[in-house]
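S.K.: I need the structure of the sequence given here:
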Amino acid sequence: QVQLVESGGGLVQTGGSLRLSCAASGSILNIYVMSWYRQVPGKERELVATSTSGGTTSYADHVKGRFTISRDGAKNTVTLQMKDLKAEDTAVYYCYSVLQQPPPAGLRPVSYWGKGAQVTVSS
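M.R.: Numbers count the residues shown, from 1 in each chain. I've put the predicted structure just below:
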């Protein structure tokens, strides 16, 4: 089994910064993708940023230039550095990963979600 555990959420004022971290642990052979999603009540979960094993990163348009995703492949961690936060960034942020597990698990990639971390930006 695999666990994704987020940390670093909290309350911050508009224009402030926060850093989210996610650690993947358990039966892991390779991690292909680590991403951050966010969700507010009544809305669908949306992709915020992605980091691939090949070193590619991508961002949602509304966070470009403000958020930075980074990975530590050796530690199976991913962080999301958020700056210039706005009230509309308030959400529960979820860590997501696509990975491969060692035998006897199958070779097909599987995905996992963390339980989420609340980020609240007050104006």
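
S.K.: Tell me the secondary structure at the residue positioned nearest the centre of the chain.
M.R.: Centroid check for the chain by C-alpha atoms, centre = their mean gives residue 36 as the closest residue, at 2.7 Å. Counting by DSSP: H, G, I helix; E, B strand; the rest coil, the backbone at residue 36 sits in strand.

S.K.: Am I right that it is in contact with residue 91?
M.R.: No. Checked against C-beta atoms under 8 Å, the pair residue 36 and residue 91 is beyond contact range at 10.3 Å. C-beta: built from backbone N, CA, C; applies to glycine.

S.K.: Give the residues shared as contacts by those two.
M.R.: The contact sets of residue 36 and residue 91 do not overlap (C-beta atoms under 8 Å, 6 or more residues apart in numbering).

S.K.: SS state for the residue in the chain sticking out farthest from the centre?
M.R.: Largest separation from the mean C-alpha position in the chain: residue 104, at 27.5 Å (C-alpha atoms, centre = their mean). Following three-state DSSP, we place residue 104 in the coil state.

S.K.: State the phi and psi torsions of it.
M.R.: Main-chain dihedrals, residue 104, degrees, to the nearest 10: phi -90, psi 10.

S.K.: For it, give me its contacts.
M.R.: No contacts exist for residue 104 under C-beta under 8 Å, 6+ apart.

S.K.: do you know how far it is from residue 97?
M.R.: Distance, residue 104 to residue 97, using C-beta to C-beta, to the nearest Å: 20 Å.

S.K.: now do residue 25
M.R.: 11 Å.

S.K.: Check residue 35 too.
M.R.: Counting by C-beta to C-beta, the gap from residue 35 to residue 97 is 7 Å.

S.K.: Wait, residue 31 touches residue 23, no?
M.R.: No. Counting by C-beta under 8 Å, residue 31 stays clear of residue 23, with 11.4 Å between them.

S.K.: Spatially nearest residue to residue 111, not counting backbone neighbours?
M.R.: residue 98 (5.0 Å; C-beta to C-beta, 6 or more residues apart in numbering).

S.K.: okay, now the one you found: neighbour count?
M.R.: 17 (other C-beta atoms under 10 Å).
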